[in-house]
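Q: coordinates only, sequence not included:
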């Protein structure tokens, strides 16, 4: 039985869960690494560590033995929206992700729908007064949404409606699906077009 570290799991999202050290080694740069197993989902996370003792050779909490943990792999998901997402929309996305990670699945579904509301209004301000279903269809007709983007948008719209109005509680899987749909929507609606525009700009002349 190895030492224990209490951390948030990047896989199952359990907060302050006990991780048990099962293996340690040093890389080619002689930097110490340790594999820890989540007590909730049993997935493995690697942490860099330093200190006078080895994580697998101690009992109890590793920090009580002078062992410190640094970077981790995989990194914790901070819930940030894709790059170049407008600020207000990114804030809605972050709130949805926070609700999802906290187990508030109905709230997550509603926030991801609100994220879609904001995003589609930015894509065409002239359609802002229209209902979301009509706005999505008119964006598609105008060529501002591809077939995939239109399908993802409707998935988020319908899922958000269910989260707000359905008597049955929204599930983890349903909330995760909505997160994936809206994340893909934002990446294709904002991140990729902005990246293309950056590459299209002529490079600055060299003195």
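A: Sure thing, it's come through. Because the structure is a prediction, the values reported are computed rather than measured.
Q: give me every residue that touches residue 50.
A: 32, 67-68, 70 (C-beta atoms under 8 Å, 6 or more residues apart in numbering). Every C-beta, even on glycine, is put in place using the N, C-alpha and C of the backbone.
Q: for it, what are phi and psi?
A: In terms of degrees, to the nearest 10, the main-chain angles of residue 50 are phi -150, psi 160.
Q: and for residue 82?
A: Per-residue torsions, residue 82: phi -60, psi 150 (degrees, to the nearest 10).
Q: that one: neighbour count?
A: Around residue 82 sit 18 other residues, with neighbours defined as other C-beta atoms under 10 Å.
Q: pLDDT wise, what is it at?
A: pLDDT for residue 82: 87.
Q: re the thing from before, quick one: which of the contacts of residue 50 has the most company?
A: residue 67 (23 neighbours).
Q: check what pLDDT it gets.
A: Predicted confidence (pLDDT) for residue 67: 95.
Q: before we move on, what about residue 195?
A: 86.
Q: which element, helix or strand, includes it?
A: Here residue 195 sits within helix 192-200, counting by DSSP states H and E.
Q: could you do residue 33 as well?
A: For residue 33, the host element (DSSP H and E) is strand 32-38.
Q: for that strand, the averaged confidence score.
A: Rounded mean pLDDT across strand 32-38 is 96.
Q: what's that strand packed up against?
A: If contacts are counted by 3 or more C-beta pairs under 8 Å, 6 or more residues apart in numbering; DSSP states H and E, strand 32-38 sits against strand 17-26, strand 44-50.
Q: so residue 162 touches residue 174, yeah?
A: Yes: using C-beta atoms under 8 Å, residue 162 makes contact with residue 174 at a distance of 7.4 Å.
Q: can you tell me the closest non-neighbouring residue to the most centrally placed residue in the chain?
A: Centroid-nearest residue in the chain, with C-alpha atoms, centre = their mean: residue 79, separated by 3.9 Å. The shortest distance from residue 79 to any non-neighbouring residue, by C-beta to C-beta, 6 or more residues apart in numbering, is to residue 97 (3.3 Å).
Q: give me the number of residues near that neighbour?
A: A count of nearby residues for residue 97, using other C-beta under 10 Å, gives 24.
Q: surely it is in a helix?
A: Yes: under DSSP: H, G, I helix; E, B strand; the rest coil, residue 97 sits within a helix.
Q: so it makes contact with residue 105?
A: No: the criterion here is C-beta under 8 Å, and residue 97 misses it with residue 105 at 11.9 Å.
Q: thank you kindly, that will do.
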